[in-house]
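*Asks:* Sequence first, predicted model second:
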Amino acid sequence: MARVLILGGGFGGVVAAERLAEQLGDEHQITLVSRSRQFVFYPALVRLAFRKCQREDVSFNLRQAILSHRVNFIEAEVARIDPDARRVTIAHGEVEGYLHYDYLIFALGRRLATERVTGFYEHAHHLMSVEKALRFGKAVAEFHEGHAVIGQCPGARLPVPIYETAFALSRLLEEQGERDRVKITIVSPDPPGLHLGDSEVTVALGKALAAHDIEFRPDFPIDRVTPGAATTSNGHGINFNLLMLLPPFQGCSAASYLGITNDEAYINVDWSMRVVGLERTYAIGDCVNFTGPKMGHMAVRQAEVAAANLAAEIAGHIPVSHYSHEVRAVIDEGGSDSIYLHKDIWTDEPASVRQGRFWTWAKRAQEKYWEAAHSR
Ligand SMILES: Cc1cc2nc3c(=O)[nH]c(=O)nc-3n(C[C@H](O)[C@H](O)[C@H](O)COP(=O)(O)OP(=O)(O)OC[C@H]3O[C@@H](n4cnc5c(N)ncnc54)[C@H](O)[C@@H]3O)c2cc1C
């Protein structure tokens with residue numbers, strides 16, 4: 001009998017638990033620990049902020065869903081991992097003390113390093129949780145004129161919701177007859193696109209931004225926010241009446257002292273999703289040290305690969321599944337300028353780019369599919 005412990009109940013952790021429950025015999029024990037029983041479907045948070053869906057549409061109760069797959073679910077905070085003793089310290093929650101394991105999967109997502117931007121916490125909105133998205137939505141509803149600044153701080157690695165927020169704001173103001181009273185600017189440390197040198201996406205995005213009269217300011221690495229102004233490390237500033245910024249990301253703190261991460265605490269893994277330098281341990285999702293944006297579909301694919309290889313390892317076989325790092329993203333413009341991009345990040349093949357209203361529909365259909373498939 002093997003005890004498999006999965007840390008984190010997001011896209012990666014949930015899919016890993018489901019796949020292992022399918023592949024391992026009943027004699028093996030699977031336990032998932034996460035700090036909240038609510039699973040959050042993050043790609044819908046822009047729509048939540050703009051009141052296109054409700055809070056209950058973007059989350060579901062993980063305990064009910066997971067239990068139906070014969071996985072033990074524990075709502076608790078992971079504090080520390082001791083690989084030599086093969087145990088995890090649980091700080092508070094339904095269980096306190098130690099959980100012992102034979103095999104471990106890290107799926108703890110990213111940490112928001114808001115402390116790296118002075119004044120971020122006090123003066124900027126963001127979209128990285130249901131509560132923050134609702135709070136930003138309230139500010140949007142009260143905003144009728146002035147300068148809206150939307151962007152990402154250095155290290156945020158999540159461009160899709162930046163563009164979607166700017167497009168949604170532009171459309172809302174048009175519907176309210178207020179578009180000409182508002183200037184919208186996107187700020188980013190990077191050029192337009194998804195950090196992939198993808199020129200076709202840059203061109204498509206540039207056209208969509210121009211059609212909405214949205215300004216794009218690249219090379220804008222914000223490191224300080226004060227009431228009404230954001231400034232960069234290279235001395236530039238921008239005034240705002242409404243500010244939504246994605247904060248810098250880091251890997252999970254629970255792995256940062258184990259000697260298995262890079263200097264931003266992202267965990268080093270190989271193509272089989274095994275942690276480099278630690279036996280019987282896998283890592284998946286936003287917490288791993290791969291280049292490019294951090295995305296939910298990558299976490300799902302990595303979970304499938306890790307589950308297959310962990311099941312093989314328990315059976316005494318060599319790894320059977322190989323991860324290839326691809327981005328598949330839809331940037332929902334709300335209409336015919338929505339963009340789909342597919343690119344294999346580890347090869348020089350150019351990105352495949354499609355554009356049209358269909359992709360708006362496809363993104364919403366995917367949301368419904370995810371809920372139907374995982375919240376039973
Ligand atoms: C606004 C927004 C829009 C997005 N849009 C898209 C999109 O269009 N397409 C796309 O592919 N991706 C999108 N993403 C990115 C996607 O949501 C993430 O890549 C994905 O959630 C990563 O999955 P994960 O399992 O690695 O981490 P998460 O989903 O973050 O899950 C991590 C889990 O670990 C738990 N946890 C963390 N620390 C602890 C601890 N110490 N103890 C116990 N539990 C802990 C957390 O509570 C959480 O349940 C978007 C994200 C946001 C915020």
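*Replies:* Perfect, thanks for sending it.

*Asks:* hey, let's count contacts and neighbours off CA atoms from now on
*Replies:* Fine.

*Asks:* Residue 148 is in contact with residue 245, correct?
*Replies:* No: in this structure, residue 245 is not within contact of residue 148 by CA atoms under 8 Å, at 10.9 Å.

*Asks:* give the contact list for the residue sitting nearest the centre point of the chain.
*Replies:* Nearest to the geometric centre of the chain sits residue 295, at 5.1 Å (CA atoms, centre = their mean). Counting by CA atoms under 8 Å, 6 or more residues apart in numbering, residue 295 makes contact with 158, 285-286, 327.

*Asks:* where along the stretch 151-300 of the chain do the strands fall?
*Replies:* 182-187, 214-217, 222-226, 229-232, 237-239, 242-246, 249-250, 281-283 (DSSP state E, counting those that start in this stretch).

*Asks:* does any bit of the last one sit next to the ligand?
*Replies:* When you say that, I think you mean strand 281-283. No: using CA under 6 Å from any ligand atom, strand 281-283 never reaches the ligand; the gap is at least 9.1 Å.

*Asks:* what's next to that strand, contact-wise?
*Replies:* Contacts for strand 281-283 (CA under 8 Å, 6+ apart): 103-107, 267, 269, 273-275, 306.

*Asks:* Low-confidence ranges, the stretch 251-376 of the chain, go.
*Replies:* 376 (pLDDT under 70).

*Asks:* where's residue 326 relative to the ligand, distance?
*Replies:* 11 Å (CA to the nearest ligand atom, to the nearest Å).

*Asks:* Could you tell me how many residues sit around that residue?
*Replies:* Look at residue 326: counted by other CA atoms under 10 Å, it has 17 neighbours.

*Asks:* and the stretch 1-150 of the chain, which residues reach the ligand?
*Replies:* 8-13, 34-36, 42-43, 45-46, 76-79, 107-109, 127-128.

*Asks:* Now list the buried members of the contacts of strand 281-283.
*Replies:* Buried members of the contacts of strand 281-283, counted by 16 or more other CA atoms under 10 Å: 103-107, 267, 269, 273-275, 306.

*Asks:* The ligand: which of these is nearest?
*Replies:* Nearest to the ligand among the buried ones among the contacts of strand 281-283: residue 107, at 5.4 Å, using CA to the nearest ligand atom.

*Asks:* Kindly state the pLDDT recorded for that closest one?
*Replies:* Note for residue 107: predicted pLDDT of 98.

*Asks:* How about the contacts made by it?
*Replies:* 6-10, 12-13, 283-287.

*Asks:* before we move on, what about residue 48?
*Replies:* Residue 48 sits in contact with 54-55, 58, 133-134, 137, where contact means CA under 8 Å, 6+ apart.

*Asks:* Rebuild these as a markdown table, extending it with secondary structure.
*Replies:* Shown next, in a markdown table, are these (DSSP: H, G, I helix; E, B strand; the rest coil):
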| residue | secondary structure |
| --- | --- |
| 54 | coil |
| 55 | helix |
| 58 | coil |
| 133 | helix |
| 134 | helix |
| 137 | helix |
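
*Asks:* Quick check: the farthest pair among the residues you listed?
*Replies:* 58 and 137 (14.6 Å; CA to CA).

*Asks:* shouldn't residue 240 be in contact with residue 150?
*Replies:* No: with contact defined as CA under 8 Å, residue 240 and residue 150 do not form a contacting pair (9.5 Å).

*Asks:* More neighbours: these two, which one.
*Replies:* Neighbour count, other CA under 10 Å: between residue 240 and residue 150, residue 150 has more, with 25 against 19.
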